[in-house]
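>>> sequence plus predicted model, see below.
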Number of protein chains: 2
Amino acid sequence: MEAIEELALAPCASSQYLRPYRLRYRQNGTKKFWDFMRTHDSVSILIFNSSRQCFVVVKQFRPAVYMCEMERHCPQDFQSKDQDSWFPLLDPLPATEGMTYELCAGIVDKPGLSLEEIACNEVLEECGYDIPITNLKRITSYRSGVGVTGSKQTLFYAEVTDQMKTGEGGGQPEEGELIEVVEVPLQDSMKFAFDEHFPKTMGIIFSFMWFQSNVALKLLEK
Amino acid sequence: MEAIEELALAPCASSQYLRPYRLRYRQNGTKKFWDFMRTHDSVSILIFNSSRQCFVVVKQFRPAVYMCEMERHCPQDFQSKDQDSWFPLLDPLPATEGMTYELCAGIVDKPGLSLEEIACNEVLEECGYDIPITNLKRITSYRSGVGVTGSKQTLFYAEVTDQMKTGEGGGQPEEGELIEVVEVPLQDSMKFAFDEHFPKTMGIIFSFMWFQSNVALKLLEK
């Protein structure tokens, strides 16, 4: 169980992670403004371990998800307008409110690497499987957060075996990552996908369904 | 075809739409910071017109998506660090680079209304169908933008008929909305979902697949 303690909140005047911009334009003659944020594109990978007939996903504490629930719980904590001052959160929710199940994923921030190379690195770093690029199958790409970020996400599928497991995964602690690797048995996967008690991204639900339609039948035929 | 003209960009020091915060906390003993943004939860609705055997989706110019492509095209336009000054975009891409196919959707910003009421309002405003709440089936909910916003999205399914069409839809022009209603024939829908030439959200791809697995077979039986 995660211990999340000593929470404090502050408005964020500038951030190296959030880059807000305003666009001014004329659309069909009407002058408009739109505030948006630049973020990196990303890759995510549906990992299926054929030795153990399970999906390999990750689970981590997500401050943004946690604070979404905290605003529901204590809306007054977000009222402080005083920049540069920390506001302690005196009535925190359990850390489980911010734990989220996600596909293995990473941002595209290394110009020299292909999407596939970044995907393979993430599979190794987060989940501990060392896979060749040829194991990756591109499923599709789509836009996320079209109102705010609009970044492009590319989804891959990778089939792995126990023999490819060379490490524990867990992310890069030196970058603050603390990632739990979770195995979801194939036979339970659709129940998991639609059980709203497990907070998760749409990527998990979508890719589990994609697997059922595109891979599961072939597995049965084997 | 959309005319998008006179584009100019500025860093955005404060915005009523983007509310950046920084969270400070201790996780399993390690002190951490995370920058995030508060946004509203949202609803989206997969609409299937059974009279015409097509999905009803929306298409609109999304500044965030457009600027994502502009940064790829002219990265130097984002280098200006001068706050409060507008930087004209002299080599704009065609507006089509920002046009995105999406499910009918809306943010949850009216405390007195249920998710279902908000969903019905959006179906009418954006797509012109007047549907009773009992026509909505909740599919599931999930977290979006877990790194930055973490907001909760709830996905509904609504079957409509031509008789329920009472208006043109198109959104609220007085709020700057300019939304095109697009019909995707059921028989073309999976091809559309996985054709990356049509920029779209994961919500469309996921919900079209969900329909195939959960509704299409029953339609054939009728």
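Perfect, I can see it now. No experiment lies behind these values; they were computed from the predicted model shown.

>>> hey, where'd the helices end up in chain A?
A:63-73, A:115-127, A:189-194, A:202-211, A:217-221 (DSSP state H).

>>> what's in contact with the fourth one?
If I follow you right, that is helix A:202-211. Helix A:202-211 has contacts (Cβ atoms under 8 Å, 6 or more residues apart in numbering or on different chains) with A:44, A:46, A:48, A:55, A:57, A:101-103, A:105, A:139, A:153, A:155, A:157, A:189-190, A:192-194, B:140, B:142, B:144, B:153, B:202-203, B:205-206, B:209-210, B:213. (Glycine included, C-beta is placed from N, CA and C.)

>>> what angle do it and helix B:202-211 make?
Orientation note: helix A:202-211 sits at an angle of 40 degrees relative to helix B:202-211 (axes from the mean of the first three to the mean of the last three Cα atoms, to 10 degrees).

>>> export helix A:202-211 to CSV, keeping only CA atoms.
What follows is helix A:202-211 as a C-alpha-only set of coordinates in CSV (Å, rounded to 0.1, in the frame of the first residue of the first chain):
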residue,chain,number,x,y,z
MET,A,202,-9.6,4.3,-22.0
GLY,A,203,-6.4,2.8,-23.5
ILE,A,204,-6.7,-0.3,-21.4
ILE,A,205,-10.4,-0.9,-22.2
PHE,A,206,-10.0,-0.2,-25.9
SER,A,207,-6.9,-2.4,-26.3
PHE,A,208,-8.4,-5.3,-24.3
MET,A,209,-11.4,-5.2,-26.7
TRP,A,210,-9.1,-4.9,-29.7
PHE,A,211,-7.3,-8.1,-28.5
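
>>> and the gap between residue A:30 and residue A:57?
Distance, residue A:30 to residue A:57, by Cβ to Cβ, to the nearest Å: 44 Å.

>>> these two: who's more crowded?
Using other Cβ atoms under 10 Å in any protein chain shown as the criterion, residue A:30 and residue A:57 rank with residue A:57 on top: 27 against 10.

>>> who touches stretch A:2-14?
Contacts to stretch A:2-14, defined as Cβ under 8 Å, 6+ apart, come from residues A:18, A:61, A:66-67, A:77-78, A:80-89, A:92, A:95-96, A:98-99, A:178, B:19-29, B:31, B:35.

>>> the same query, at a cut-off of 7 Å, please.
With contact meaning Cβ atoms under 7 Å, 6 or more residues apart in numbering or on different chains, stretch A:2-14 is reached by A:18, A:61, A:77, A:83-89, A:92, A:95, A:99, B:20-28, B:35.

>>> then stretch A:135-145?
Residues contacting stretch A:135-145 (Cβ under 7 Å, 6+ apart): A:116, A:119-120, A:150-159, A:210, B:65, B:100, B:144-145, B:194, B:196, B:199-202, B:205.

>>> among the contacts of helix A:202-211, name the buried ones.
Those of the contacts of helix A:202-211 that meet the buried threshold are A:44, A:46, A:48, A:55, A:57, A:101-103, A:105, A:139, A:153, A:155, A:157, A:189-190, A:192-193, B:140, B:142, B:144, B:153, B:202-203, B:205-206, B:209-210, by 16 or more other Cβ atoms under 10 Å in any protein chain shown.

>>> in chain A, where is pLDDT below threshold?
Scanning chain A with the threshold set as pLDDT under 70 gives A:1, A:80-84.

>>> quick check: chain neighbours aside, which residue is closest to the residue of it most remote from its centre?
The outermost residue of chain A relative to its centre, with distances by Cα atoms, centre = their mean, is residue A:29 at 38.7 Å. Leaving aside its sequence neighbours, residue A:29 sits nearest to residue B:3 (Cβ to Cβ, 6 or more residues apart in numbering or on different chains; 7.4 Å).

>>> most packed of the helices of chain A?
Most buried of the helices of chain A, by mean neighbour count (mean count of other Cβ atoms under 10 Å in any protein chain shown): helix A:202-211, with a mean of 24.

>>> list the contacts for the residue at minimal distance from the centre of chain A?
Among the residues of chain A, the one closest to the centroid is residue A:102, at 5.1 Å (Cα atoms, centre = their mean). By Cβ under 7 Å, 6+ apart, the contact list for residue A:102 reads A:57-58, A:200-201, A:203-204, B:146.

>>> and with 8 Å instead?
A:44, A:57-60, A:200-201, A:203-204, B:146.
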